[in-house]
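Peer 1: Below are the sequence and a predicted model; questions follow.
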Amino acid sequence: MATVKVLNMAGAEVGEMNLSDSIFGIEVNEFAVHAVIKNYLANQRQGTQSAKTRAEVRGGGKKPFRQKGTGRHRQGSSTDPSQVGGGVAFAPKPRSYRYSVPKKVKRLAMFSVLTSKVQENEIIVLDSLSFDAPKTKEMIKVLENVKAARKALILTADKDENVIRSAANIPGVATSMVGQMNVYELVNHTSLVVTKDALNKIQEVYA
(Lines give C-alpha, C1' and ligand atoms only; values in the text may rest on other atoms or scores of the structure.)
Protein backbone atom coordinates (compact mmCIF):
# COMPACT_ATOMS: atom_id res chain seq x y z
CA MET A 1 0.00 0.00 0.00
CA ALA A 2 1.46 3.34 -1.09
CA THR A 3 1.66 6.31 1.26
CA VAL A 4 1.84 10.05 0.65
CA LYS A 5 3.00 12.90 2.84
CA VAL A 6 0.35 15.24 4.22
CA LEU A 7 1.34 18.91 4.24
CA ASN A 8 -0.20 21.97 5.81
CA MET A 9 -0.75 25.26 3.98
CA ALA A 10 2.73 26.42 5.03
CA GLY A 11 4.30 23.44 3.25
CA ALA A 12 5.35 21.63 6.44
CA GLU A 13 4.86 17.87 6.74
CA VAL A 14 2.20 16.99 9.33
CA GLY A 15 1.69 13.29 8.70
CA GLU A 16 1.18 10.51 6.17
CA MET A 17 -1.80 8.95 4.50
CA ASN A 18 -2.33 5.45 3.08
CA LEU A 19 -3.58 5.10 -0.48
CA SER A 20 -5.76 2.29 -1.77
CA ASP A 21 -3.89 0.01 -4.18
CA SER A 22 -7.09 -0.61 -6.16
CA ILE A 23 -7.24 3.10 -7.05
CA PHE A 24 -3.71 4.47 -6.77
CA GLY A 25 -1.68 1.33 -7.40
CA ILE A 26 -2.97 -0.32 -10.58
CA GLU A 27 -1.18 -0.98 -13.86
CA VAL A 28 -1.52 2.18 -15.96
CA ASN A 29 -3.63 1.61 -19.09
CA GLU A 30 -2.71 4.25 -21.68
CA PHE A 31 -5.32 2.99 -24.16
CA ALA A 32 -8.15 3.68 -21.69
CA VAL A 33 -6.79 7.15 -20.89
CA HIS A 34 -6.52 8.01 -24.59
CA ALA A 35 -10.02 6.72 -25.32
CA VAL A 36 -11.61 8.73 -22.50
CA ILE A 37 -9.76 11.97 -23.34
CA LYS A 38 -10.69 11.62 -27.02
CA ASN A 39 -14.32 11.08 -26.00
CA TYR A 40 -14.27 14.09 -23.65
CA LEU A 41 -12.88 16.43 -26.34
CA ALA A 42 -15.33 15.12 -28.96
CA ASN A 43 -18.25 15.77 -26.62
CA GLN A 44 -17.09 19.39 -26.16
CA ARG A 45 -17.43 20.11 -29.88
CA GLN A 46 -20.38 22.33 -30.80
CA GLY A 47 -20.79 20.83 -34.25
CA THR A 48 -22.24 24.06 -35.67
CA GLN A 49 -19.98 24.31 -38.74
CA SER A 50 -21.84 24.64 -42.03
CA ALA A 51 -21.18 25.38 -45.70
CA LYS A 52 -23.41 25.40 -48.77
CA THR A 53 -23.47 22.59 -51.30
CA ARG A 54 -23.95 23.25 -55.02
CA ALA A 55 -27.69 22.72 -54.50
CA GLU A 56 -27.86 25.56 -51.97
CA VAL A 57 -25.68 28.19 -53.66
CA ARG A 58 -27.53 30.97 -55.47
CA GLY A 59 -27.42 30.85 -59.26
CA GLY A 60 -26.79 28.00 -61.66
CA GLY A 61 -29.88 28.38 -63.79
CA LYS A 62 -28.09 29.31 -66.98
CA LYS A 63 -25.07 27.76 -68.68
CA PRO A 64 -22.27 30.25 -67.80
CA PHE A 65 -20.69 30.32 -71.29
CA ARG A 66 -21.08 28.57 -74.61
CA GLN A 67 -19.93 25.00 -75.05
CA LYS A 68 -17.19 25.57 -77.64
CA GLY A 69 -14.90 28.29 -78.88
CA THR A 70 -13.90 29.98 -75.64
CA GLY A 71 -10.70 28.02 -74.98
CA ARG A 72 -11.99 27.09 -71.53
CA HIS A 73 -13.32 23.81 -70.19
CA ARG A 74 -17.00 23.19 -70.85
CA GLN A 75 -19.14 24.12 -67.86
CA GLY A 76 -22.83 23.59 -67.28
CA SER A 77 -23.40 25.43 -64.01
CA SER A 78 -21.90 28.32 -62.03
CA THR A 79 -22.65 26.44 -58.79
CA ASP A 80 -20.13 23.70 -59.54
CA PRO A 81 -17.48 23.34 -56.77
CA SER A 82 -14.73 24.03 -59.32
CA GLN A 83 -16.14 27.52 -59.99
CA VAL A 84 -15.45 30.70 -58.01
CA GLY A 85 -18.52 31.30 -55.89
CA GLY A 86 -19.72 27.75 -56.40
CA GLY A 87 -20.80 25.28 -53.76
CA VAL A 88 -18.54 23.17 -51.55
CA ALA A 89 -18.07 19.50 -52.37
CA PHE A 90 -19.05 17.34 -49.36
CA ALA A 91 -19.88 20.49 -47.40
CA PRO A 92 -19.85 20.14 -43.60
CA LYS A 93 -23.24 20.38 -41.94
CA PRO A 94 -24.32 20.80 -38.30
CA ARG A 95 -24.02 17.49 -36.48
CA SER A 96 -23.41 16.05 -33.04
CA TYR A 97 -20.01 14.54 -32.31
CA ARG A 98 -21.15 12.99 -29.04
CA TYR A 99 -20.60 9.33 -28.35
CA SER A 100 -20.29 7.25 -25.20
CA VAL A 101 -17.50 5.21 -23.64
CA PRO A 102 -18.17 2.17 -21.40
CA LYS A 103 -18.22 2.96 -17.68
CA LYS A 104 -15.53 0.36 -17.01
CA VAL A 105 -13.18 2.12 -19.44
CA LYS A 106 -13.85 5.49 -17.78
CA ARG A 107 -13.16 3.98 -14.38
CA LEU A 108 -9.97 2.31 -15.58
CA ALA A 109 -8.77 5.59 -17.13
CA MET A 110 -9.44 7.50 -13.90
CA PHE A 111 -7.53 4.96 -11.80
CA SER A 112 -4.68 4.94 -14.37
CA VAL A 113 -4.25 8.71 -14.18
CA LEU A 114 -4.44 8.76 -10.36
CA THR A 115 -1.86 5.96 -10.20
CA SER A 116 0.38 7.88 -12.61
CA LYS A 117 0.17 10.98 -10.42
CA VAL A 118 1.37 8.96 -7.42
CA GLN A 119 4.15 7.22 -9.38
CA GLU A 120 5.47 10.53 -10.74
CA ASN A 121 5.17 12.34 -7.38
CA GLU A 122 2.70 14.82 -8.85
CA ILE A 123 0.10 14.49 -6.09
CA ILE A 124 0.22 16.93 -3.16
CA VAL A 125 -2.02 16.23 -0.17
CA LEU A 126 -3.02 19.08 2.18
CA ASP A 127 -4.49 18.52 5.63
CA SER A 128 -6.88 21.40 4.88
CA LEU A 129 -7.35 24.29 2.47
CA SER A 130 -9.53 27.20 3.53
CA PHE A 131 -9.57 30.99 3.44
CA ASP A 132 -11.60 33.54 5.40
CA ALA A 133 -12.17 35.45 2.17
CA PRO A 134 -11.15 35.13 -1.50
CA LYS A 135 -7.44 36.02 -1.63
CA THR A 136 -5.44 35.34 -4.79
CA LYS A 137 -2.16 36.26 -3.07
CA GLU A 138 -2.82 33.74 -0.30
CA MET A 139 -3.54 30.98 -2.81
CA ILE A 140 -0.34 31.78 -4.72
CA LYS A 141 1.57 31.64 -1.46
CA VAL A 142 0.09 28.22 -0.58
CA LEU A 143 0.95 26.80 -4.02
CA GLU A 144 4.51 28.09 -3.66
CA ASN A 145 4.79 26.61 -0.16
CA VAL A 146 3.80 23.12 -1.32
CA LYS A 147 5.93 23.46 -4.48
CA ALA A 148 3.09 22.89 -6.92
CA ALA A 149 3.78 23.13 -10.64
CA ARG A 150 2.62 26.12 -12.68
CA LYS A 151 -0.24 24.01 -14.03
CA ALA A 152 -2.07 22.72 -10.97
CA LEU A 153 -5.51 21.26 -10.32
CA ILE A 154 -6.89 21.92 -6.84
CA LEU A 155 -9.31 19.22 -5.78
CA THR A 156 -11.68 19.67 -2.83
CA ALA A 157 -14.29 17.40 -1.28
CA ASP A 158 -17.10 19.95 -1.54
CA LYS A 159 -17.66 23.34 -3.13
CA ASP A 160 -15.69 26.10 -1.39
CA GLU A 161 -16.40 29.49 -2.93
CA ASN A 162 -13.39 31.15 -1.27
CA VAL A 163 -11.00 28.54 -2.67
CA ILE A 164 -12.57 28.72 -6.15
CA ARG A 165 -12.42 32.52 -6.31
CA SER A 166 -8.91 32.63 -4.84
CA ALA A 167 -7.60 30.44 -7.67
CA ALA A 168 -9.74 31.88 -10.48
CA ASN A 169 -7.25 34.53 -11.62
CA ILE A 170 -4.09 32.41 -11.43
CA PRO A 171 -2.95 31.32 -14.93
CA GLY A 172 -2.68 27.56 -15.27
CA VAL A 173 -4.51 26.82 -12.00
CA ALA A 174 -7.97 25.25 -11.92
CA THR A 175 -10.28 23.99 -9.18
CA SER A 176 -12.67 21.06 -9.09
CA MET A 177 -14.59 18.83 -6.71
CA VAL A 178 -14.35 15.07 -6.34
CA GLY A 179 -17.78 14.62 -7.94
CA GLN A 180 -16.78 16.68 -10.99
CA MET A 181 -13.17 15.67 -11.65
CA ASN A 182 -12.43 14.13 -15.03
CA VAL A 183 -9.52 12.41 -16.72
CA TYR A 184 -8.81 15.29 -19.12
CA GLU A 185 -8.35 17.85 -16.33
CA LEU A 186 -6.13 15.47 -14.36
CA VAL A 187 -3.89 14.86 -17.38
CA ASN A 188 -3.90 18.50 -18.47
CA HIS A 189 -2.49 19.70 -15.12
CA THR A 190 0.91 18.65 -13.85
CA SER A 191 0.28 18.88 -10.10
CA LEU A 192 -2.79 17.50 -8.33
CA VAL A 193 -3.28 19.44 -5.10
CA VAL A 194 -5.89 17.52 -3.12
CA THR A 195 -7.20 18.01 0.40
CA LYS A 196 -7.21 15.13 2.86
CA ASP A 197 -11.01 15.15 2.93
CA ALA A 198 -11.15 14.98 -0.87
CA LEU A 199 -8.71 12.07 -0.94
CA ASN A 200 -10.82 10.18 1.60
CA LYS A 201 -13.90 10.89 -0.51
CA ILE A 202 -12.20 9.55 -3.64
CA GLN A 203 -11.37 6.31 -1.85
CA GLU A 204 -14.92 6.05 -0.53
CA VAL A 205 -16.61 6.76 -3.87
CA TYR A 206 -14.39 4.49 -6.00
CA ALA A 207 -13.81 1.72 -3.45
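Peer 2: Received it, and whenever you're ready, just let me know what you need. Numbering: from 1, shown residues only.
Peer 1: what sits up against stretch 2-19?
Peer 2: Contact with stretch 2-19 is made by 1, 21, 24-25, 118, 123-129, 142, 145-147, 196, 199, 203, as judged by CB atoms under 8 Å, 6 or more residues apart in numbering. (Each C-beta comes from the backbone N, C-alpha and C, glycine too.)
Peer 1: Okay, and which of those map to helices?
Peer 2: 21, 24, 118, 142, 145, 196, 199, 203 (DSSP state H).
Peer 1: how close does the most far-flung residue of the chain relative to its centre sit to residue 60?
Peer 2: Outermost residue of the chain with respect to the C-alpha centroid, by CA atoms, centre = their mean, is residue 69; its distance is 59.6 Å. According to CB to CB, to the nearest Å, residue 69 and residue 60 sit 22 Å apart.
Peer 1: Redo the ones in helices among the contacts of stretch 2-19 as TSV? Include distance to residue 86 and neighbour count.
Peer 2: Output for the ones in helices among the contacts of stretch 2-19, formatted as TSV (distance: CB to CB, whole Å; neighbours: other CB atoms under 10 Å):
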residue	distance to residue 86	neighbour count
21	63	11
24	58	23
118	58	17
142	60	24
145	63	15
196	64	18
199	60	25
203	61	16
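Peer 1: if we take these, which one ends up nearest to residue 188?
Peer 2: residue 118 (17.7 Å; CB to CB).
Peer 1: For the closest residue to residue 178 other than its chain neighbours, grab phi and psi.
Peer 2: Leaving aside its chain neighbours, residue 178 sits nearest to residue 201 (4.6 Å; criterion: CB to CB, 6 or more residues apart in numbering). Reported as degrees, to the nearest 10, the phi and psi values for residue 201 are phi -70, psi -40.
Peer 1: Roughly how far does residue 201 sit from residue 155?
Peer 2: Taking CB to CB, one finds residue 201 at 9 Å from residue 155.
Peer 1: Checking my notes, residue 5 in a helix, right?
Peer 2: No: according to DSSP: H, G, I helix; E, B strand; the rest coil, residue 5 belongs to no helix; its state is strand.
Peer 1: Now for the spatially closest residue to residue 37 that is not a sequence neighbour, which secondary structure element holds it?
Peer 2: Spatially, and ignoring its direct neighbours in sequence, residue 37 is nearest to residue 184 (5.2 Å; CB to CB, 6+ apart). According to DSSP states H and E, residue 184 maps onto helix 183-188.
Peer 1: which helices and strands does that helix pack with?
Peer 2: For helix 183-188, the elements it packs on are helix 30-44, helix 103-119, strand 152-156, judged by 3 or more CB pairs under 8 Å, 6 or more residues apart in numbering; DSSP states H and E.
Peer 1: Name the nearest residue to residue 39, ignoring sequence neighbours.
Peer 2: Distances taken as CB to CB, 6+ apart put residue 101 closest to residue 39, at 4.6 Å, once the chain neighbours are dropped.
Peer 1: Am I right that the one you found is in contact with residue 35?
Peer 2: Yes: Residue 101 lies in contact with residue 35 (CB atoms under 8 Å); the separation is 6.0 Å.
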